[in-house]
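A.B. asks: The sequence and its predicted three-dimensional model are supplied below.
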Amino acid sequence: MKGESFTCRTSSGEETLGLGTRLGALLDQGDFVALMGDLGSGKTWFTKGLALGLGVSPETVITSPSFSLMNEYRGRCTLFHVDVYRLEDLSDFLDAGLDEYLYVGGVVVLEWADRWPEILPHRNIRVEFRILDQWSREITLSGAHPRALTILKQLKREVE
């Protein structure tokens, strides 16, 4: 299966949030977003945008679930925000029951998705963050599943 990818640059948290909002507006039940990048690279800002694009109320505070492991937000479809930063290995992920959220029917966003790529659903959109300087980020979005390709092609048209 041939994949699709493109790279954007953002120069503020608001621009990263805006890109996430655009992607979120294209997502639907069963979509999976795999976030990868260093601490402070913009993963949570991007997820805040995804939530807005999914119709989560702007008054809802979106936080990284580093300690709770998973936060759930209600919008036009449910957003399950999972963060595995504090987990040591795949068995911790499985013991916590987080694998159940990989196929729950809402939209799943997984931070630190590069830790165990073998568990990612095929229907995933990879979003890789690279810090360029204090404010600027390089964000590469990619996927190979037909659903991911459709979303990425539409998003690429919107941001170019």
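C.D. replies: Looks like it arrived, so ask away.

A.B. asks: Past the helix or strand of the chain with the lowest mean pLDDT, which element shows up next along the chain?
C.D. replies: Considering only helices and strands, the least confidently modelled element of the chain by mean pLDDT, DSSP states H and E is helix 90-95, at a mean of 68. Under the assignment DSSP states H and E, the closest C-terminal helix or strand after helix 90-95 is strand 107-111.

A.B. asks: The residue lying closest to residue 145 once chain neighbours are set aside: what's it in contact with?
C.D. replies: The spatially closest residue to residue 145, leaving aside those adjacent along the chain, is residue 123, at 4.5 Å (CB to CB, 6 or more residues apart in numbering). Heads up, the C-betas are built off the backbone N, CA and C, glycines and all. With contacts defined as CB atoms under 8 Å, 6 or more residues apart in numbering, the neighbours of residue 123 are 30-32, 145, 147-148.

A.B. asks: Look up how far residue 41 lies from residue 134.
C.D. replies: For residue 134, the distance to residue 41 (CB to CB, to the nearest Å) stands at 12 Å.
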